[in-house]
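Q: sequence and predicted structure, then a few things I'm wondering about:
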Amino acid sequence: MEQIAPNTYVSTSFPYINVGCVVGPRGVVAVDAPTLPLDAEAWRKQIAALTDQPIVYTILTDVHPHRMLCAGLFEAPIIASEAAYIHAVEYTRGFWRSVVRRLSRYHPEQEEALRDLEPVLPEILFSDTLTVHKGGADVRVQTAVGSSPGSAWITPEGADVLFVGDAVVIDQPPVMAEALDTKAWLDTLTFLRRPRFADTTLVPGRGPISDLEATNLMSEYIRVARRRARSLHRDLRPRDDMAVFVNDLLSLFPLSDTERERLRRRVRNGLKHVYDELAPLA
(Lines give C-alpha, C1' and ligand atoms only; values in the text may rest on other atoms or scores of the structure.)
Protein backbone atom coordinates (compact mmCIF):
# COMPACT_ATOMS: atom_id res chain seq x y z
CA MET A 1 0.00 0.00 0.00
CA GLU A 2 1.24 3.46 -0.92
CA GLN A 3 -0.11 6.83 0.18
CA ILE A 4 -0.29 9.09 -2.89
CA ALA A 5 -2.20 12.04 -1.40
CA PRO A 6 -3.75 12.98 1.95
CA ASN A 7 -6.12 10.16 2.95
CA THR A 8 -5.66 8.46 -0.44
CA TYR A 9 -3.96 5.08 -0.79
CA VAL A 10 -3.20 2.70 -3.65
CA SER A 11 -1.93 -0.84 -3.99
CA THR A 12 -0.35 -2.03 -7.23
CA SER A 13 0.87 -5.30 -5.71
CA PHE A 14 -2.15 -7.55 -6.30
CA PRO A 15 -2.45 -9.62 -9.48
CA TYR A 16 -4.37 -8.22 -12.45
CA ILE A 17 -5.60 -4.79 -11.27
CA ASN A 18 -4.80 -1.83 -9.05
CA VAL A 19 -6.99 -0.94 -6.09
CA GLY A 20 -7.27 2.12 -3.88
CA CYS A 21 -9.13 3.69 -1.00
CA VAL A 22 -9.99 7.11 0.37
CA VAL A 23 -10.09 7.27 4.16
CA GLY A 24 -12.53 9.70 5.74
CA PRO A 25 -13.32 10.48 9.37
CA ARG A 26 -16.52 8.42 9.23
CA GLY A 27 -15.72 5.72 6.71
CA VAL A 28 -13.65 4.44 3.82
CA VAL A 29 -14.47 4.53 0.11
CA ALA A 30 -12.84 1.59 -1.68
CA VAL A 31 -11.86 1.98 -5.31
CA ASP A 32 -12.22 -1.36 -7.09
CA ALA A 33 -11.51 -4.70 -5.37
CA PRO A 34 -8.71 -7.23 -5.84
CA THR A 35 -9.55 -10.00 -8.29
CA LEU A 36 -8.87 -12.95 -5.98
CA PRO A 37 -10.78 -13.57 -2.72
CA LEU A 38 -7.79 -14.06 -0.43
CA ASP A 39 -6.28 -10.88 -1.86
CA ALA A 40 -9.54 -9.01 -1.23
CA GLU A 41 -9.39 -10.13 2.41
CA ALA A 42 -5.73 -9.05 2.64
CA TRP A 43 -6.61 -5.62 1.21
CA ARG A 44 -9.47 -5.28 3.67
CA LYS A 45 -7.04 -5.98 6.53
CA GLN A 46 -4.63 -3.36 5.21
CA ILE A 47 -7.45 -0.81 5.20
CA ALA A 48 -8.41 -1.83 8.74
CA ALA A 49 -4.83 -1.11 9.83
CA LEU A 50 -5.30 2.50 8.65
CA THR A 51 -8.58 3.19 10.42
CA ASP A 52 -11.24 1.59 12.57
CA GLN A 53 -13.94 3.09 10.33
CA PRO A 54 -15.85 0.71 8.03
CA ILE A 55 -15.84 0.59 4.24
CA VAL A 56 -18.98 2.55 3.36
CA TYR A 57 -18.86 2.25 -0.45
CA THR A 58 -17.01 0.30 -3.11
CA ILE A 59 -16.77 2.21 -6.39
CA LEU A 60 -15.98 0.30 -9.58
CA THR A 61 -14.14 1.94 -12.45
CA ASP A 62 -15.80 -0.69 -14.66
CA VAL A 63 -17.40 -4.11 -14.30
CA HIS A 64 -14.65 -6.20 -15.83
CA PRO A 65 -14.68 -9.55 -13.96
CA HIS A 66 -11.25 -8.75 -12.53
CA ARG A 67 -12.90 -5.86 -10.62
CA MET A 68 -16.42 -7.10 -9.99
CA LEU A 69 -15.80 -10.67 -8.85
CA CYS A 70 -14.80 -9.86 -5.26
CA ALA A 71 -16.35 -6.41 -4.81
CA GLY A 72 -19.17 -7.85 -2.70
CA LEU A 73 -16.72 -9.20 -0.12
CA PHE A 74 -16.32 -5.70 1.32
CA GLU A 75 -19.97 -5.83 2.45
CA ALA A 76 -20.61 -2.25 1.35
CA PRO A 77 -22.91 -0.84 -1.35
CA ILE A 78 -21.27 -1.09 -4.77
CA ILE A 79 -21.36 1.98 -7.01
CA ALA A 80 -21.05 1.86 -10.80
CA SER A 81 -22.39 3.72 -13.80
CA GLU A 82 -25.74 2.77 -15.29
CA ALA A 83 -24.04 1.60 -18.48
CA ALA A 84 -21.72 -0.62 -16.46
CA TYR A 85 -24.67 -2.12 -14.60
CA ILE A 86 -26.49 -2.87 -17.86
CA HIS A 87 -23.35 -4.65 -19.04
CA ALA A 88 -22.93 -6.55 -15.77
CA VAL A 89 -26.43 -8.01 -15.74
CA GLU A 90 -25.64 -9.73 -19.03
CA TYR A 91 -23.00 -11.90 -17.34
CA THR A 92 -24.45 -15.40 -17.01
CA ARG A 93 -23.70 -18.08 -14.44
CA GLY A 94 -21.85 -19.93 -17.18
CA PHE A 95 -19.71 -16.86 -17.81
CA TRP A 96 -18.79 -16.55 -14.13
CA ARG A 97 -17.99 -20.29 -13.96
CA SER A 98 -15.57 -19.84 -16.86
CA VAL A 99 -13.94 -16.87 -15.08
CA VAL A 100 -13.51 -18.91 -11.89
CA ARG A 101 -12.10 -21.90 -13.81
CA ARG A 102 -9.53 -19.71 -15.54
CA LEU A 103 -8.46 -17.99 -12.32
CA SER A 104 -8.31 -21.32 -10.47
CA ARG A 105 -5.99 -22.68 -13.14
CA TYR A 106 -3.52 -19.84 -12.52
CA HIS A 107 -4.09 -19.66 -8.75
CA PRO A 108 -4.82 -23.20 -7.45
CA GLU A 109 -4.18 -22.07 -3.86
CA GLN A 110 -7.37 -19.96 -4.12
CA GLU A 111 -9.53 -22.52 -5.92
CA GLU A 112 -11.74 -23.29 -2.91
CA ALA A 113 -12.32 -19.63 -2.06
CA LEU A 114 -13.07 -18.87 -5.72
CA ARG A 115 -15.58 -21.69 -5.94
CA ASP A 116 -17.63 -20.23 -3.07
CA LEU A 117 -17.87 -16.73 -4.59
CA GLU A 118 -21.17 -15.14 -5.60
CA PRO A 119 -20.58 -11.90 -7.55
CA VAL A 120 -22.71 -8.97 -6.36
CA LEU A 121 -24.23 -6.46 -8.76
CA PRO A 122 -23.80 -2.71 -8.23
CA GLU A 123 -26.75 -1.20 -6.36
CA ILE A 124 -26.04 2.54 -6.57
CA LEU A 125 -25.95 3.81 -10.14
CA PHE A 126 -25.19 7.13 -11.83
CA SER A 127 -25.52 8.33 -15.41
CA ASP A 128 -22.98 11.15 -15.55
CA THR A 129 -21.40 12.26 -12.26
CA LEU A 130 -21.84 11.43 -8.61
CA THR A 131 -20.21 12.69 -5.40
CA VAL A 132 -20.33 10.49 -2.31
CA HIS A 133 -20.18 12.13 1.12
CA LYS A 134 -20.98 9.38 3.62
CA GLY A 135 -17.42 8.69 4.78
CA GLY A 136 -16.71 12.35 5.43
CA ALA A 137 -14.17 12.62 2.60
CA ASP A 138 -15.93 13.55 -0.64
CA VAL A 139 -15.16 11.40 -3.65
CA ARG A 140 -16.31 12.36 -7.15
CA VAL A 141 -17.11 9.79 -9.82
CA GLN A 142 -17.70 10.57 -13.49
CA THR A 143 -18.32 8.53 -16.61
CA ALA A 144 -15.57 8.45 -19.23
CA VAL A 145 -15.09 6.68 -22.54
CA GLY A 146 -12.52 3.94 -22.13
CA SER A 147 -12.01 0.23 -22.38
CA SER A 148 -15.52 -0.97 -21.61
CA PRO A 149 -19.15 0.17 -21.34
CA GLY A 150 -19.70 2.44 -18.36
CA SER A 151 -16.08 3.19 -17.56
CA ALA A 152 -15.64 5.71 -14.74
CA TRP A 153 -12.97 7.98 -13.31
CA ILE A 154 -12.65 8.68 -9.61
CA THR A 155 -11.21 11.78 -7.92
CA PRO A 156 -10.85 12.29 -4.16
CA GLU A 157 -11.86 15.80 -3.10
CA GLY A 158 -8.85 18.06 -2.57
CA ALA A 159 -6.34 15.68 -4.14
CA ASP A 160 -4.78 15.98 -7.59
CA VAL A 161 -5.31 12.26 -8.18
CA LEU A 162 -7.24 10.52 -10.92
CA PHE A 163 -8.18 6.84 -10.86
CA VAL A 164 -8.76 6.15 -14.56
CA GLY A 165 -9.33 2.39 -14.54
CA ASP A 166 -8.46 0.56 -17.73
CA ALA A 167 -8.65 3.74 -19.81
CA VAL A 168 -4.90 3.65 -19.12
CA VAL A 169 -2.73 0.63 -18.29
CA ILE A 170 1.04 0.70 -17.90
CA ASP A 171 3.69 -1.78 -19.11
CA GLN A 172 1.14 -4.17 -20.59
CA PRO A 173 -1.39 -4.22 -23.44
CA PRO A 174 -4.80 -2.73 -22.71
CA VAL A 175 -8.04 -4.68 -22.47
CA MET A 176 -9.81 -3.80 -25.75
CA ALA A 177 -12.31 -6.58 -26.35
CA GLU A 178 -15.26 -4.64 -24.89
CA ALA A 179 -14.40 -1.09 -25.99
CA LEU A 180 -17.44 0.60 -27.51
CA ASP A 181 -15.52 3.17 -29.57
CA THR A 182 -11.74 3.07 -29.88
CA LYS A 183 -11.67 6.43 -31.68
CA ALA A 184 -13.45 8.04 -28.71
CA TRP A 185 -10.99 6.24 -26.42
CA LEU A 186 -8.15 7.93 -28.31
CA ASP A 187 -9.92 11.26 -27.75
CA THR A 188 -10.07 10.47 -24.03
CA LEU A 189 -6.32 9.90 -23.93
CA THR A 190 -5.72 13.17 -25.79
CA PHE A 191 -7.91 14.92 -23.22
CA LEU A 192 -5.75 13.50 -20.42
CA ARG A 193 -2.67 15.11 -21.98
CA ARG A 194 -4.07 18.62 -21.51
CA PRO A 195 -2.02 21.01 -19.34
CA ARG A 196 -4.67 20.92 -16.61
CA PHE A 197 -3.53 17.36 -15.77
CA ALA A 198 0.20 18.14 -15.89
CA ASP A 199 0.67 17.58 -12.15
CA THR A 200 -2.01 14.95 -11.69
CA THR A 201 -1.07 11.58 -10.22
CA LEU A 202 -2.52 9.05 -12.61
CA VAL A 203 -3.64 5.73 -11.13
CA PRO A 204 -3.98 3.32 -14.07
CA GLY A 205 -6.19 0.28 -14.00
CA ARG A 206 -3.16 -1.98 -14.24
CA GLY A 207 0.56 -1.32 -13.81
CA PRO A 208 2.59 1.25 -11.87
CA ILE A 209 1.36 4.70 -10.87
CA SER A 210 2.39 7.15 -13.53
CA ASP A 211 1.96 10.56 -15.08
CA LEU A 212 0.48 11.69 -18.37
CA GLU A 213 3.39 10.43 -20.44
CA ALA A 214 1.97 6.93 -20.00
CA THR A 215 -0.95 7.81 -22.23
CA ASN A 216 1.29 8.14 -25.30
CA LEU A 217 2.04 4.42 -25.58
CA MET A 218 -1.63 3.63 -25.00
CA SER A 219 -2.57 5.91 -27.88
CA GLU A 220 0.06 4.37 -30.14
CA TYR A 221 -1.18 0.86 -29.34
CA ILE A 222 -4.78 1.74 -30.21
CA ARG A 223 -3.75 3.58 -33.39
CA VAL A 224 -1.66 0.62 -34.56
CA ALA A 225 -4.51 -1.80 -33.88
CA ARG A 226 -6.90 0.39 -35.89
CA ARG A 227 -4.43 0.70 -38.78
CA ARG A 228 -3.93 -3.06 -38.92
CA ALA A 229 -7.69 -3.65 -38.95
CA ARG A 230 -8.19 -1.17 -41.77
CA SER A 231 -5.41 -2.78 -43.83
CA LEU A 232 -7.10 -6.17 -43.57
CA HIS A 233 -10.46 -4.73 -44.56
CA ARG A 234 -8.88 -3.03 -47.59
CA ASP A 235 -7.35 -6.35 -48.66
CA LEU A 236 -10.59 -8.25 -47.97
CA ARG A 237 -8.79 -10.49 -45.51
CA PRO A 238 -10.65 -12.35 -42.73
CA ARG A 239 -10.88 -11.43 -39.06
CA ASP A 240 -8.65 -14.31 -37.95
CA ASP A 241 -5.73 -12.76 -39.84
CA MET A 242 -5.53 -10.10 -37.11
CA ALA A 243 -3.69 -12.75 -35.09
CA VAL A 244 -0.55 -12.19 -37.19
CA PHE A 245 -0.12 -8.81 -35.49
CA VAL A 246 -0.18 -10.11 -31.90
CA ASN A 247 3.60 -10.41 -31.52
CA ASP A 248 4.20 -6.93 -32.93
CA LEU A 249 1.90 -5.37 -30.36
CA LEU A 250 3.24 -7.46 -27.49
CA SER A 251 6.75 -6.27 -28.38
CA LEU A 252 5.78 -2.71 -27.38
CA PHE A 253 5.86 -3.73 -23.70
CA PRO A 254 8.62 -4.93 -21.33
CA LEU A 255 7.14 -8.37 -20.68
CA SER A 256 8.69 -11.62 -19.52
CA ASP A 257 8.10 -14.74 -21.60
CA THR A 258 5.53 -15.94 -19.06
CA GLU A 259 3.66 -12.62 -19.10
CA ARG A 260 3.76 -12.52 -22.89
CA GLU A 261 2.08 -15.91 -23.13
CA ARG A 262 -0.53 -15.00 -20.51
CA LEU A 263 -1.41 -11.76 -22.31
CA ARG A 264 -1.43 -13.16 -25.83
CA ARG A 265 -5.12 -13.97 -25.62
CA ARG A 266 -5.94 -10.43 -24.44
CA VAL A 267 -4.19 -8.90 -27.43
CA ARG A 268 -5.71 -11.35 -29.91
CA ASN A 269 -9.26 -10.77 -28.63
CA GLY A 270 -8.73 -7.00 -28.68
CA LEU A 271 -7.50 -7.05 -32.27
CA LYS A 272 -10.48 -9.09 -33.41
CA HIS A 273 -12.80 -6.66 -31.65
CA VAL A 274 -11.22 -3.68 -33.45
CA TYR A 275 -11.56 -5.54 -36.75
CA ASP A 276 -15.30 -5.92 -36.09
CA GLU A 277 -15.62 -2.33 -34.94
CA LEU A 278 -14.07 -0.96 -38.14
CA ALA A 279 -15.82 -3.31 -40.57
CA PRO A 280 -17.19 -1.36 -43.56
CA LEU A 281 -20.94 -0.90 -43.54
CA ALA A 282 -22.72 -3.18 -45.97
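A: Yep, it's here.

Q: spit out the contact partners of the closest residue to L202 other than its chain neighbours.
A: In this structure, L202 finds its nearest non-sequential neighbour in S210, 5.2 Å apart by Cβ to Cβ, 6 or more residues apart in numbering. C-beta here means a position set from N, CA and C on the backbone, and glycine is covered the same way. Counting by Cβ atoms under 8 Å, 6 or more residues apart in numbering, S210 touches V168, I170, L202, P204.

Q: please apply the same query to A5.
A: P156, A159, D160, V161, T201.

Q: between the residues you listed, which is nearest V23?
A: P156 (9.6 Å; Cβ to Cβ).

Q: now the helices: where do they sit in this structure?
A: With DSSP state H as the criterion, the chain has helices at 37-50, 65-68, 82-88, 93-106, 111-115, 182-192, 214-234, 246-250, 257-277.

Q: chain center to the shortest one: distance?
A: It refers to helix 65-68. 8 Å (Cα atoms, centre = their mean, to the nearest Å).

Q: average pLDDT for it?
A: For helix 65-68, mean pLDDT is 96.

Q: hmm, back to that, redo the contacts of S210 as TSV? Include distance to R260, pLDDT and neighbour count.
A: Shown next, in TSV, are those (distance: Cβ to Cβ, whole Å; pLDDT from 0 to 100; neighbours: other Cβ atoms under 10 Å):
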residue	distance to R260	pLDDT	neighbour count
V168	21	94	26
I170	16	93	20
L202	25	93	20
P204	19	95	26
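
Q: widest-spaced pair of those residues?
A: Within those, I170 and L202 form the most distant pair, 8.8 Å apart (Cβ to Cβ).

Q: which neighbours do these two share?
A: S210, A214.

Q: low-confidence ranges in the stretch 151-282 of the chain?
A: 282 (pLDDT under 70).

Q: what sits against L162?
A: Counted by Cβ under 8 Å, 6+ apart, L162 has contacts W153, I154, T155, F197, T200, T201, L202, V203.

Q: try 10 Å this time
A: 144, 153-156, 168, 192, 197, 200-204, 212 (Cβ atoms under 10 Å, 6 or more residues apart in numbering).

Q: okay, now the residue nearest to I209 when sequence neighbours are not counted: neighbour count?
A: Take I209 and drop its neighbours on the chain: the residue closest to it by Cβ to Cβ, 6+ apart is V203, 5.8 Å away. Residues within reach of V203, counting by other Cβ atoms under 10 Å, total 27.

Q: repeat for P37
A: 21.

Q: correct me if wrong: it contacts S104.
A: No: contact between P37 and S104 fails when scored by Cβ atoms under 10 Å: they sit 11.1 Å apart.

Q: which one's the longest strand in this structure?
A: The single longest strand within the chain, with elements called by DSSP state E, is strand 161-169.

Q: what angle separates that strand from helix 182-192?
A: Orientation check (axes from the mean of the first three to the mean of the last three Cα atoms, to 10 degrees): strand 161-169 against helix 182-192 gives 140 degrees.
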